[in-house]
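Peer 1: Whatever this is, show me its structure:
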Amino acid sequence: MKQNKVIGLTGGISSGKSLVTAYLQEKGYPVIDSDKIVRDLQTNPQLLKKIGDLFPGLVDHGVLQREKLGRLVFSNEKERKKLDDLMHPLVFSSIEREIQGRQGLVFVDMPLLLETLDQQKNISYDEIWLVWLPKDKQIQRLMKRDSISRDYAQKKIDAQMSLEDKKVRADVLIDNSHDPDTTLKQVDRELKRLCDGAL
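Peer 2: Next comes the predicted model:
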């Protein structure tokens, strides 16, 4: 019998997912962070060697040049696929292990959750929550957050499935186009609904 309820939490880049994640953690809910898993994996010397072999010049004295790698994969789909093919199976295996060690309500924070759903053979989500906002606001927030040009912000956003496409596939929509309090009230409402129902 399943001992937990797994909620996939996703969004687009700079859509406000981190606001929701931080709030869930503040309230004591376990959140498995796929980005943290990636960062942790990328400190492994064997994996760094593989990345260095795939992307010559991007691992310098055992240190991954994240900014350079990011610019490369966000502007070149073929290079992005090479990185994804290497990283995704490792990330999904780590998430599976973490889910198995949890009981009750568990959140999995994953930016590319919907894009990679068919690859996640052994992860079963009870619901998928999407944190979204209109594309123009998303671009503005990303430019401000990362101090980047509109063109580069657009490239980073276009590297993911659009929020409009994700909306169709999500079970719950969290609208982050207003102030944080309005966003978090929606989260509270969804948590209440989950807690009122039997796990």
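Peer 1: Bridge partners for the residue nearest to Leu173 when sequence neighbours are not counted, pull those for me.
Peer 2: Counting by CB to CB, 6 or more residues apart in numbering, Leu173 lies nearest to Leu130, which is 5.5 Å off, once chain neighbours are set aside. All C-beta spots, glycine's among them, are computed from the backbone N, C-alpha and C. Using DSSP bridges, the bridge partners assigned to Leu130 are Thr10, Leu173.
Peer 1: if I look at Leu130, how far off is Gln42?
Peer 2: The gap separating Leu130 from Gln42 is 26 Å, by CB to CB, to the nearest Å.
Peer 1: neighbour count winner among these two?
Peer 2: Neighbour totals were compared for Leu130 and Gln42, and Leu130 leads with 25 against 17 (other CB atoms under 10 Å).
Peer 1: List the contacts of that one.
Peer 2: Leu130 makes contacts with Thr10, Gly11, Leu114, Leu163, Lys166, Lys167, Ala170, Val172, Leu173, Ile174, as judged by CB atoms under 8 Å, 6 or more residues apart in numbering.
Peer 1: Narrow these to those that are buried.
Peer 2: Buried members of the contacts of Leu130, counted by 16 or more other CB atoms under 10 Å: Thr10, Gly11, Leu114, Leu163, Lys166, Ala170, Val172, Ile174.
Peer 1: so what's the backbone phi/psi at the nearest residue to Lys135 once chain neighbours are set aside?
Peer 2: With sequence-adjacent residues excluded and distances taken as CB to CB, 6+ apart, Lys135 is closest to Leu163, at 6.7 Å. Main-chain dihedrals, Leu163, degrees, to the nearest 10: phi -60, psi -30.
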